[in-house]
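Student: Attaching a predicted model along with its sequence, questions to come.
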Amino acid sequence: MSVTIYHNPACGTSRNTMALICATGVEPAVIHYLETPPSREELVSLIRRMGTGPRDLLREKGTPYAELNLGDLSLTDDQIIDAMMEHPILINRPIVVGPRGVKLCRPSEEVLSLLDRPLRADFVKEDGEVVPANG
(Lines give C-alpha, C1' and ligand atoms only; values in the text may rest on other atoms or scores of the structure.)
Protein backbone atom coordinates (compact mmCIF):
# COMPACT_ATOMS: atom_id res chain seq x y z
CA MET A 1 0.00 0.00 0.00
CA SER A 2 1.42 3.36 -1.06
CA VAL A 3 0.73 6.36 1.19
CA THR A 4 2.20 9.85 0.87
CA ILE A 5 1.88 12.60 3.45
CA TYR A 6 2.55 16.28 2.80
CA HIS A 7 3.92 16.93 6.27
CA ASN A 8 4.96 19.76 8.54
CA PRO A 9 6.68 18.32 11.62
CA ALA A 10 5.99 21.57 13.53
CA CYS A 11 2.23 20.89 13.29
CA GLY A 12 0.59 18.66 15.91
CA THR A 13 -2.17 17.54 13.55
CA SER A 14 0.42 16.57 10.97
CA ARG A 15 2.47 14.67 13.58
CA ASN A 16 -0.64 12.84 14.80
CA THR A 17 -1.61 11.95 11.23
CA MET A 18 1.86 10.59 10.52
CA ALA A 19 1.78 8.55 13.74
CA LEU A 20 -1.69 7.18 12.90
CA ILE A 21 -0.47 6.02 9.49
CA CYS A 22 2.51 4.29 11.11
CA ALA A 23 0.21 2.74 13.76
CA THR A 24 -1.50 0.82 10.95
CA GLY A 25 1.84 -0.69 9.95
CA VAL A 26 2.37 1.54 6.92
CA GLU A 27 5.55 3.54 6.39
CA PRO A 28 4.47 6.58 4.36
CA ALA A 29 6.48 8.56 1.86
CA VAL A 30 7.00 11.91 3.57
CA ILE A 31 7.12 15.20 1.71
CA HIS A 32 8.19 18.13 3.89
CA TYR A 33 6.19 20.51 1.74
CA LEU A 34 7.64 23.69 3.24
CA GLU A 35 11.13 22.57 2.15
CA THR A 36 10.02 20.79 -1.03
CA PRO A 37 6.72 22.35 -2.15
CA PRO A 38 4.62 20.56 -4.73
CA SER A 39 4.82 21.89 -8.26
CA ARG A 40 1.85 23.88 -9.49
CA GLU A 41 0.69 20.84 -11.47
CA GLU A 42 0.95 18.59 -8.39
CA LEU A 43 -0.94 21.07 -6.23
CA VAL A 44 -3.70 21.46 -8.81
CA SER A 45 -3.93 17.66 -9.11
CA LEU A 46 -4.17 17.23 -5.32
CA ILE A 47 -6.93 19.84 -5.09
CA ARG A 48 -8.83 18.22 -7.97
CA ARG A 49 -8.47 14.74 -6.46
CA MET A 50 -9.76 16.04 -3.12
CA GLY A 51 -12.84 17.31 -4.91
CA THR A 52 -12.45 20.76 -3.43
CA GLY A 53 -11.30 24.22 -4.42
CA PRO A 54 -8.02 25.98 -3.65
CA ARG A 55 -9.69 28.30 -1.14
CA ASP A 56 -10.69 25.23 0.94
CA LEU A 57 -7.02 24.33 1.29
CA LEU A 58 -5.86 27.78 2.44
CA ARG A 59 -4.36 28.05 5.91
CA GLU A 60 -4.93 31.36 7.70
CA LYS A 61 -3.22 30.98 11.09
CA GLY A 62 0.50 31.76 11.11
CA THR A 63 0.57 32.69 7.43
CA PRO A 64 0.52 35.86 5.28
CA TYR A 65 -3.19 35.19 4.54
CA ALA A 66 -4.39 38.56 5.89
CA GLU A 67 -1.49 40.58 4.48
CA LEU A 68 -2.17 39.13 1.02
CA ASN A 69 -5.91 39.83 1.38
CA LEU A 70 -6.72 36.21 0.52
CA GLY A 71 -10.13 36.51 2.13
CA ASP A 72 -11.16 38.61 -0.88
CA LEU A 73 -13.80 36.44 -2.54
CA SER A 74 -13.16 38.06 -5.92
CA LEU A 75 -9.77 36.33 -6.16
CA THR A 76 -9.71 33.56 -8.75
CA ASP A 77 -8.58 29.98 -8.13
CA ASP A 78 -5.43 30.76 -10.14
CA GLN A 79 -4.65 33.73 -7.89
CA ILE A 80 -5.11 31.58 -4.77
CA ILE A 81 -2.83 28.90 -6.23
CA ASP A 82 -0.27 31.58 -7.17
CA ALA A 83 -0.20 32.70 -3.53
CA MET A 84 0.24 29.09 -2.35
CA MET A 85 3.11 28.59 -4.77
CA GLU A 86 4.83 31.75 -3.56
CA HIS A 87 4.12 31.02 0.13
CA PRO A 88 3.80 27.23 0.72
CA ILE A 89 2.91 27.89 4.39
CA LEU A 90 -0.53 28.86 3.00
CA ILE A 91 -1.15 25.21 2.05
CA ASN A 92 -3.06 23.61 4.88
CA ARG A 93 -1.77 20.31 6.16
CA PRO A 94 -1.49 17.42 6.35
CA ILE A 95 -2.58 16.28 2.91
CA VAL A 96 -2.49 12.50 2.56
CA VAL A 97 -2.61 10.46 -0.63
CA GLY A 98 -3.71 6.90 0.10
CA PRO A 99 -5.20 3.90 -1.66
CA ARG A 100 -8.70 5.26 -1.04
CA GLY A 101 -8.16 8.83 -2.18
CA VAL A 102 -6.69 12.18 -1.21
CA LYS A 103 -7.75 14.25 1.77
CA LEU A 104 -6.78 17.13 4.02
CA CYS A 105 -6.64 15.18 7.28
CA ARG A 106 -8.07 17.60 9.83
CA PRO A 107 -8.77 16.13 12.30
CA SER A 108 -5.93 13.63 12.05
CA GLU A 109 -8.14 10.53 12.34
CA GLU A 110 -9.60 11.42 8.91
CA VAL A 111 -6.55 9.60 7.53
CA LEU A 112 -8.01 6.23 8.54
CA SER A 113 -10.63 6.51 5.78
CA LEU A 114 -7.81 6.62 3.20
CA LEU A 115 -6.00 3.49 4.36
CA ASP A 116 -6.53 -0.18 3.61
CA ARG A 117 -5.34 -1.23 7.07
CA PRO A 118 -7.00 -0.59 10.42
CA LEU A 119 -5.30 0.61 13.57
CA ARG A 120 -3.57 -2.26 15.38
CA ALA A 121 -4.49 -0.84 18.81
CA ASP A 122 -6.12 2.23 20.31
CA PHE A 123 -4.11 5.34 19.43
CA VAL A 124 -3.50 8.23 21.81
CA LYS A 125 -3.05 11.61 20.14
CA GLU A 126 -0.60 14.18 21.51
CA ASP A 127 -3.40 15.96 23.38
CA GLY A 128 -4.47 12.71 25.08
CA GLU A 129 -7.54 12.08 22.91
CA VAL A 130 -7.98 8.37 22.18
CA VAL A 131 -8.73 7.09 18.68
CA PRO A 132 -10.18 3.59 19.17
CA ALA A 133 -8.81 0.76 17.05
CA ASN A 134 -12.28 -0.56 16.30
CA GLY A 135 -13.38 2.75 14.84
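Tutor: On my side now, so go ahead.

Student: what does the model give L58 for pLDDT?
Tutor: We have a pLDDT of 97 for L58.

Student: Dig out what it forms beta bridges with.
Tutor: Bridge pairing for L58 (DSSP bridges) gives the partners I91.

Student: Count the neighbours of it for me.
Tutor: By other C-beta atoms under 10 Å, 18 other residues sit near L58. C-beta: built from backbone N, CA, C; applies to glycine.

Student: Give me the distance between it and E27.
Tutor: The gap separating L58 from E27 is 30 Å, by C-beta to C-beta, to the nearest Å.

Student: On the three-state scheme, V102 is what?
Tutor: strand (DSSP: H, G, I helix; E, B strand; the rest coil).

Student: check contacts around it.
Tutor: Counting by C-beta atoms under 8 Å, 6 or more residues apart in numbering, V102 touches L46, R49, M50, I95, V96, L114.

Student: Pretty sure H7 is one of the things R93 touches, is it not?
Tutor: Yes - between R93 and H7 there is a contact at 6.8 Å, judged by C-beta atoms under 8 Å.

Student: Between the two, which contacts overlap?
Tutor: S14, Y33.

Student: Strands of this structure, start to end?
Tutor: Secondary structure of the chain (DSSP state E): strands located at 4-7, 29-32, 95-98, 101-104, 123-124, 130-131.

Student: and the fifth one, how far out from the chain's middle?
Tutor: In terms of C-alpha atoms, centre = their mean, to the nearest Å, the centre of strand 123-124 is set 19 Å apart from its chain centre.

Student: Just the residues contacting that strand, thanks.
Tutor: Under C-beta under 8 Å, 6+ apart, the answer for strand 123-124 is A19, L20, A23, V130, V131, A133.

Student: follow-up on the earlier one: could you dump the strands of the chain to a markdown table with mean pLDDT?
Tutor: Output for these, formatted as a markdown table (pLDDT from 0 to 100):
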| stretch | mean pLDDT |
| --- | --- |
| strand 4-7 | 98 |
| strand 29-32 | 98 |
| strand 95-98 | 98 |
| strand 101-104 | 98 |
| strand 123-124 | 95 |
| strand 130-131 | 95 |
